[in-house]
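[1] Task: produce atomic coordinates for the following.
(6 chains)
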4 protein chains.
Amino acid sequence: MLNRVVLVGRLTADPQLKYTPNGVAVANFTLAVNRPFSNQQGEKEADFINCVVWRKPAESASQYLKKGSLAGVDGRMQTRSYDNNQGQRVYVTEVMAESVQFLEPRNQQSDNSRSDSANQRNQQQQQRQNEPDPFAGGSISISDEDLPF
Amino acid sequence: MLNRVVLVGRLTADPQLKYTPNGVAVANFTLAVNRPFSNQQGEKEADFINCVVWRKPAESASQYLKKGSLAGVDGRMQTRSYDNNQGQRVYVTEVMAESVQFLEPRNQQSDNSRSDSANQRNQQQQQRQNEPDPFAGGSISISDEDLPF
Amino acid sequence: MLNRVVLVGRLTADPQLKYTPNGVAVANFTLAVNRPFSNQQGEKEADFINCVVWRKPAESASQYLKKGSLAGVDGRMQTRSYDNNQGQRVYVTEVMAESVQFLEPRNQQSDNSRSDSANQRNQQQQQRQNEPDPFAGGSISISDEDLPF
Amino acid sequence: MLNRVVLVGRLTADPQLKYTPNGVAVANFTLAVNRPFSNQQGEKEADFINCVVWRKPAESASQYLKKGSLAGVDGRMQTRSYDNNQGQRVYVTEVMAESVQFLEPRNQQSDNSRSDSANQRNQQQQQRQNEPDPFAGGSISISDEDLPF
DNA sequence: TTTT
DNA sequence: TTTT
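    As a prediction, this is how the structure comes out:
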């Protein structure tokens, strides 16, 4: 039962870092992966692939990646479903990234090139690391049951 | 912009073979790929991954695979969206299979073990091959614009 | 720095199970992977790819696989070199399998279909598991320094 | 019989472009792919993986890549053997790259940052493209029989 | 809801 | 809507 995905593409937005009620880090981001060939109208197309990362690599991704970053992902495809607020079942396919590569040339300068939301996220995260907050992730809906291992 | 997926799993149902208005074969099937580990409730879980194949391998898949068959897929992840009849945008992620492997031990007997729908499909297909029908795929909604190349 | 390999093929011989001086299991086997197309002489060709597995999956591979078994491997390519007894440097490329799939239909009967060397190996292994031998792997040249992690 | 490899690494040297007697382009290069973890001595290690590309992507690789370039490869593992001049059989494992990605940020300037051998190669290549030389690849030992398709 |  |  093999299940392996490898992607290289660019983030469509800054990664979103959250914490489960138990304090486990999860980051979500979408990779835009350009298709090798143009379509019949001669347009360049891309696939937009949702990725999830857990634990340490989640925090690294959130720290080193931002909108537009070139990144590589090695992971597995996963599917799940939930009922939306209109009572309809929604099916989700995403990539559980086991490792994330930062393919952007190391940026020697300070991080002020970072997008605003990335800076904000970063501050929150730093805060969290200094004082392990009992309310960590308290208001978010991800659950420890989604943990891959 | 790498995009590569490799899967081995079992078909949840017989493949669905169709033809575009131009007579190009497309087959759809879903692979159930069991996860390597049990979840926190100790249950075995699986991912259900939708696959599409075009042209010759579509016809082979439809001929050699049926519900429950073990198959390998080598392809790319693709995303698309459409508006459903409630006017909502639905996002779809699927695997465009470039090659499909039949991992079931070659079945030496006649094919009467085949599920009913597989037999039906097969008859249709045979008919089609004998008399290339001008209405081929006439009533289906897939379009030649989805062709990968 | 992505490095990912996925293979499905047949073992050219029974796996070889050994133990490092520290008692860590390693298995070696070669997968014959048929090429998708025939060559210019119309002959079917295959690639013969050396694989290594460590620890638990090494013991499982040695237990469940034998010459001719269909198996899937998910791992990484590795290279190393050594000096042979003629004093020449030999370069080796192999696949470090992180997981091995047994794609043969579960064989319900006893294992007497097993090749002789597989049975032998198996006996040795069983012995080893019963009385953890201080000389384990004593006479073999693999080293704990090759351990992947 | 799946066989899929995806790599991201850096070229250890400029690619070597040659032509078969029939004028088909082949490029060879080695990718250094850093391992994710340090070894037991705390040293960072890398795997050095030989790659071959044919036809158009061979010429692109030779044009856009040089020693040190970050590149991605999507392809298949291949093995072959030959007898060296000491009459010994040498076994070779390499990656047949079906596609090569240039992951270096597009270099807006002229190409004078190119290594000398790259420039030389390039000139030769340009010459070849202008006047399709009857002696193309005349002195090299690669054969059209190695062509993948 | 999409990236360079 | 899910396979052995």
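
[2] what does chain A put close to chain D?
    Residues of chain A lying near chain D by Cβ under 8 Å from any Cβ of the partner chain: A:Leu2, A:Val6, A:Val8, A:Pro36, A:Leu70, A:Gly72, A:Ser99, A:Gln101, A:Leu103, A:Pro105. All C-beta atoms are positioned from the backbone trio N, CA, C, and that covers glycine.

[3] Just among those residues, which is most surrounded?
    Within these, neighbour counts (other Cβ atoms under 10 Å in any protein chain shown) peak at A:Val6, which reaches 26 neighbours.

[4] just the residues of chain A next to chain D that are near chain B?
    Within the residues of chain A next to chain D, those near chain B by Cβ under 8 Å from any Cβ are A:Leu2, A:Val6, A:Val8, A:Pro36, A:Gly72.

[5] And those, which is the shakiest by pLDDT?
    Within those, A:Pro36 has the lowest pLDDT, namely 94.

[6] Surely that one is within a strand?
    No: using DSSP: H, G, I helix; E, B strand; the rest coil, the assignment for A:Pro36 is coil, not a strand.

[7] need the contact list for it.
    B:Met1, D:Ser99 (Cβ atoms under 8 Å, 6 or more residues apart in numbering or on different chains).

[8] try 6 Å
    The contact partners of A:Pro36, taken as Cβ atoms under 6 Å, 6 or more residues apart in numbering or on different chains, number zero.

[9] residues contacting the residue of chain A found nearest chain D?
    Using Cβ to the nearest Cβ, the closest approach of chain A to chain D is made by A:Val6 at 4.2 Å. By Cβ under 6 Å, 6+ apart, the residues touching A:Val6 are A:Asp74, B:Leu2, B:Arg4, C:Leu2, C:Arg4, D:Val6.

[10] cool, A:Asp74 as well?
    A:Val6, A:Glu98, A:Ser99, C:Leu2, C:Arg4 are the contacts of A:Asp74 under Cβ under 6 Å, 6+ apart.

[11] Among these, which ones lie close to DNA strand E?
    Among the contacts of A:Asp74, no residue is within reach of DNA strand E (Cβ under 7 Å from any atom of the strand).

[12] need those in JSON lines with secondary structure, can you?
    Below are these laid out as JSON lines (three-state DSSP):
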{"residue": "A:Val6", "secondary structure": "strand"}
{"residue": "A:Glu98", "secondary structure": "strand"}
{"residue": "A:Ser99", "secondary structure": "strand"}
{"residue": "C:Leu2", "secondary structure": "coil"}
{"residue": "C:Arg4", "secondary structure": "strand"}
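
[13] In a markdown table, list the residues you listed along with distance to A:Asp146.
    Output for the contacts of A:Asp74, formatted as a markdown table (distance: Cβ to Cβ, whole Å):
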| residue | distance to A:Asp146 |
| --- | --- |
| A:Val6 | 22 |
| A:Glu98 | 15 |
| A:Ser99 | 19 |
| C:Leu2 | 25 |
| C:Arg4 | 24 |
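
[14] out of the residues you listed, who's nearest B:Arg80?
    A:Val6 (20.9 Å; Cβ to Cβ).

[15] That closest one and B:Glu98: what is the separation?
    According to Cβ to Cβ, to the nearest Å, A:Val6 and B:Glu98 sit 14 Å apart.

[16] Ok, A:Ser143 next?
    Per Cβ to Cβ, A:Ser143 is found 36 Å from B:Glu98.

[17] A:Lys44 too?
    Distance of A:Lys44 to B:Glu98, computed by Cβ to Cβ: 20 Å.

[18] out of those two, which sits in the busier spot?
    Neighbours per residue, other Cβ under 10 Å: of A:Lys44 and B:Glu98, the larger number sits with B:Glu98, 17 against 10.

[19] Contacts only, for that one.
    B:Asp74, B:Gly75 are the contacts of B:Glu98 under Cβ under 6 Å, 6+ apart.

[20] Now do the helices in chain A.
    A:55-64, A:116-130 (DSSP state H).

[21] mean pLDDT lowest for which of those helices?
    Taking the mean pLDDT of those, helix A:116-130 comes last: a mean of 44.

[22] In chain A, where is pLDDT below threshold?
    Residue ranges of chain A with pLDDT under 70: A:107-141, A:149.

[23] How about the residues of it by DNA strand F?
    Near DNA strand F, when you scan chain A using Cβ under 7 Å from any atom of the strand, you find A:Thr79, A:Ser81, A:Arg89, A:Tyr91.

[24] Any idea how many residues pack against A:Ser62?
    A:Ser62: 25 surrounding residues under other Cβ under 10 Å.

[25] I'd assumed A:Asn28 was in contact with it.
    No: if you go by Cβ atoms under 6 Å, A:Ser62 and A:Asn28 don't touch, sitting 9.7 Å apart.

[26] Most neighbours among the residues of chain A next to DNA strand F, which one?
    A:Thr79 (18 neighbours).

[27] ok, it - contacts?
    Per Cβ under 6 Å, 6+ apart, neighbours of A:Thr79: A:Thr93, B:Asp47, B:Phe48.

[28] Nearest to chain C among those?
    Chain C lies nearest to B:Asp47 out of the contacts of A:Thr79, by Cβ to the nearest Cβ, at 15.0 Å.

[29] ok, what's across the strand from the closest one?
    Beta-bridge partners for B:Asp47, by DSSP bridges, are B:Val33.

[30] Could you see whether DNA strand E lies near stretch A:11-29?
    Yes: residues of stretch A:11-29 are located near DNA strand E by Cβ under 7 Å from any atom of the strand, namely A:Leu11, A:Thr12.

[31] ok, now stretch A:48-60?
    Yes: Stretch A:48-60 comes into contact with DNA strand E (Cβ under 7 Å from any atom of the strand), by way of A:Phe48, A:Asn50.
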